[in-house]
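Enquirer: turn this into a structure:
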Amino acid sequence: MANTVLPEKTYHIVCRTDRPLLGAEGGGARYLWLRLCAPAPLQNAERPPLNLGLVLDHSGSMSGSKLDYAKRAASYALRLLNERDRAAVVIYDDEVQVLATSEPVTPGTRERLLRQVAAVQTGGSTNLGGGWLTGCEQVAAHLADGVVSRALLLTDGLANVGITNQEELATHAKALRQRGISTTTLGVGEDFDEFLLQAMADAGGGHFYFVANPEQIPDFFKGELGEMLEVVAREILLILPLPAGWRVDVLNDLEHEVVGGELRLGLGEAYRDEVRDVLLRLDLPAAPLAGTYELTPRLSYRAVGGPQQVQVVGETVNYAVGSPEQVARQAVDQEVLGLAARLEAERAKIKALRLERDGLREEARVALQEANALVLGIAGPAQAAPLQSELDRLGEEVIIGLSARERKAQHYTVYRMQRSRKDYGNGGSPSERQIQRKREM
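Expert: Here you go, the predicted structure:
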């Protein structure tokens with residue numbers, strides 16, 4: 001699958017399963033790997049206009065290089081935009097200030113915004129929720145078809161003023177996503193809550209970034225804005241009809257629901273040629289099975305620069321009931337099982353990291369030990385060995401206790417693996433020439 005040829009005009013869905021034969025007695029599980037390949041832009045299609053809300057934390061903890069690099073990143077973003085785009089700038093500490101209301105980024109507007117951003121100084125506490133929602137309000141006032149609308153929130157601290165509850169903030173992010181406003185969060189340094197920022201980004205249909213060092217802030221902005229300038233599909237919905245009695249688990253831990261016997265998985269937006277892997281565990285009913293079962297995924301999305309609504313049907317995966325001898329002798333796709341084991345290990349790491357952060361170190365170690373046995377049962381000794389080594393090593397570390405930086409780095413590595421994300425903090429950003437070409441489109 002690594003050499004999948006990407007189509008030029010529409011999404012393409014490649015499907016693989018670990019085993020195509022089922023036992024007549026039912027029960028057990030099968031794994032289904034869906035690789036979603038986004039198209040290149042339509043020929044001569046203009047890049048989508050952007051409607052941005054830049055939300056910057058300028059609380060006291062942002063003093064020094066953090067705020068300097070944040071201002072540099074915001075200035076970079078403003079220079080990237082042109083008069084087809086809109087931008088608003090919101091800053092917050094314990095109070096929220098709309099530094100600039102949303103308006104088209106003309107040359108004159110850009111110069112004024114750059115001066116205003118450069119003049120920002122550090123303040124007091126952290127009203128993260130108020131600052132973010134105010135930025136979203138600025139974006140919401142100018143929603144339009146064909147425009148990519150997003151709030152970019154950058155913070156280095158904990159939400160300690162206004163709305164601070166993770167579930168409440170994620171609920172707001174989901175509601176805003178349904179209105180067409182996505183949220184990307186960037187956490188800087190060691191003091192922010194990575195679980196909160198990821199929850200907001202997941203519910204908001206954007207991305208989460210861990211910025212370990214302030215000097216990386218511009219690189220992350222560059223990567224995020226570069227993707228936004230190459231968005232080719234929006235409001236992506238993956239649908240998989242399930243046979244009666246079958247249950248499904250999304251091992252990537254992506255938000256999903258099962259409605260009317262169909263898995264429905266919202267995937268937000270995709271940039272050109274993006275490849276995203278989704279791994280499903282299909283739990284079979286513990287009841288007699290007979291005949292064949294066809295699973296055909298389909299994808300719907302709004303195309304940028306083309307027909308507003310596109311429907312794509314993926315490859316059909318056929319499951320058939322075999323004799324006990326046939327089931328025992330059937331070929332097994334070890335690559336599918338390897339990915340399944342990897343994702344189960346990553347899920348266990350996130351669980352353990354949360355427990356360790358909450359002081360439940362022994363519980364964290366036990367969760368990793370359980371995952372150790374699980375990955376062995378899925379993939380077998382050869383493929384499981386390196387995963388087990390990772391889990392054992394993390395188990396030793398959680399008993400001692402992780403530093404905030406170590407915990408966030410582990411968390412961010414798992415996040416990128418589960419969502420097929422690039423690491424823009426490690427040389428993964430688009431080149432300046434690519435960015436300039438996108439800007440001028």
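Enquirer: only C-alpha atoms for contact and neighbour calcs from this point on.
Expert: Noted.
Enquirer: pLDDT weak spots in the chain?
Expert: The chain contains residues with pLDDT under 70 at 1-9, 42-45, 305-307, 426-441.
Enquirer: kindly report the domain assignment for it.
Expert: The record assigns the chain these domain ranges, following automatic domain parsing: 12-44+232-329, 50-229, 334-419.
Enquirer: okay, those in JSON lines with mean neighbour count and distance to residue 425 next?
Expert: JSON lines is the format used below for the domains of the chain (neighbours: other CA atoms under 10 Å; distance: least, CA to CA, whole Å):
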{"stretch": "domain 12-44+232-329", "mean neighbour count": "18", "distance to residue 425": "18"}
{"stretch": "domain 50-229", "mean neighbour count": "21", "distance to residue 425": "6"}
{"stretch": "domain 334-419", "mean neighbour count": "19", "distance to residue 425": "11"}
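Enquirer: what separates stretch 85-92 from the chain centre, distance-wise?
Expert: 23 Å (CA atoms, centre = their mean, to the nearest Å).
Enquirer: what's in contact with that stretch?
Expert: Contacts of stretch 85-92 with the rest of the structure, by CA atoms under 8 Å, 6 or more residues apart in numbering, involve 49-59, 78, 96-105, 126-128, 130-131, 134-135, 138-139.
Enquirer: may I have that stretch exported as PDB, CA atoms only?
Expert: Coordinates of each C-alpha in stretch 85-92 appear next as PDB, following Å, rounded to 0.1, in the frame of the first residue of the first chain:
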ATOM      1  CA  ASP A  85      -8.500  36.200   2.400                       C
ATOM      2  CA  ARG A  86      -9.800  37.600   5.700                       C
ATOM      3  CA  ALA A  87      -8.000  37.700   9.100                       C
ATOM      4  CA  ALA A  88      -8.900  38.700  12.600                       C
ATOM      5  CA  VAL A  89      -6.400  38.900  15.500                       C
ATOM      6  CA  VAL A  90      -7.500  38.200  19.100                       C
ATOM      7  CA  ILE A  91      -5.200  38.300  22.100                       C
ATOM      8  CA  TYR A  92      -6.000  37.200  25.600                       C
END
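Enquirer: and the helices in the stretch 151-300 of the chain?
Expert: Along the stretch 151-300 of the chain, the segments classed as helices by DSSP state H, counting those that start in this stretch run 166-179, 194-204, 217-228.
Enquirer: with the stretch 1-150 of the chain instead?
Expert: Using DSSP H, counting those that start in this stretch, helices in the stretch 1-150 of the chain cover 65-80, 107-118, 128-140.
Enquirer: turn those into JSON lines, columns for distance to residue 244.
Expert: Compiled in JSON lines, these are given as follows (distance: least, CA to CA, whole Å):
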{"stretch": "helix 65-80", "distance to residue 244": "49"}
{"stretch": "helix 107-118", "distance to residue 244": "57"}
{"stretch": "helix 128-140", "distance to residue 244": "41"}
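Enquirer: name the nearest residue to residue 33, ignoring sequence neighbours.
Expert: Leaving aside its chain neighbours, residue 33 sits nearest to residue 279 (4.6 Å; criterion: CA to CA, 6 or more residues apart in numbering).
Enquirer: so that neighbour versus residue 46, what's the distance?
Expert: According to CA to CA, to the nearest Å, residue 279 and residue 46 sit 33 Å apart.
Enquirer: also residue 168?
Expert: For residue 168, the distance to residue 46 - CA to CA - is 37 Å.
Enquirer: swap in residue 420?
Expert: For residue 420, the distance to residue 46 - CA to CA - is 26 Å.
Enquirer: with residue 354 instead?
Expert: 43 Å.
Enquirer: picking up where we left off before, what sits against the residue nearest to residue 33?
Expert: 31, 32, 33, 34, 250, 251, 252, 339, 340 are the contacts of residue 279 under CA under 8 Å, 6+ apart.
Enquirer: the same query, at a cut-off of 6 Å, please.
Expert: Neighbour list for residue 279: 32, 33, 251 [criterion: CA atoms under 6 Å, 6 or more residues apart in numbering].
Enquirer: please apply the same query to residue 273.
Expert: 38, 39, 40.
Enquirer: and the second one, how far is that from residue 232?
Expert: Counting by CA to CA, the gap between residue 39 and residue 232 amounts to 7 Å.
Enquirer: before we move on, what about residue 139?
Expert: Taking CA to CA, one finds residue 139 at 20 Å from residue 232.
Enquirer: also residue 175?
Expert: 23 Å.
Enquirer: also residue 59?
Expert: 36 Å.
Enquirer: do the same with residue 13
Expert: Where residue 232 is concerned, residue 13 sits at a distance of 16 Å (CA to CA).
Enquirer: now do residue 276
Expert: From residue 276 to residue 232 the distance is 14 Å (CA to CA).
Enquirer: same check on residue 11?
Expert: 10 Å.
Enquirer: my read: residue 300 touches residue 239, true?
Expert: No - Residue 300 lies out of contact with residue 239 (CA atoms under 6 Å); the separation is 8.2 Å.
Enquirer: which element, helix or strand, includes the residue sitting furthest away from the middle of the chain?
Expert: Most distant from the centre of the chain: residue 325, at 42.0 Å, with distances by CA atoms, centre = their mean. Using DSSP states H and E, residue 325 falls within helix 324-329.
Enquirer: now do the contacts for residue 303.
Expert: 232, 233.
Enquirer: for it, list each beta-bridge partner.
Expert: Taking DSSP bridges, one obtains residue 233 as the residues bridged to residue 303.
Enquirer: do you know how far it is from residue 86?
Expert: 21 Å.
Enquirer: swap in residue 340?
Expert: For residue 340 relative to residue 86 (CA to CA), the value is 42 Å.
Enquirer: same question, residue 265
Expert: On the measure of CA to CA, residue 265 and residue 86 end up 30 Å apart.
Enquirer: and if you look at residue 76?
Expert: 15 Å.
Enquirer: try residue 298
Expert: Distance from residue 298 to residue 86, by CA to CA: 34 Å.
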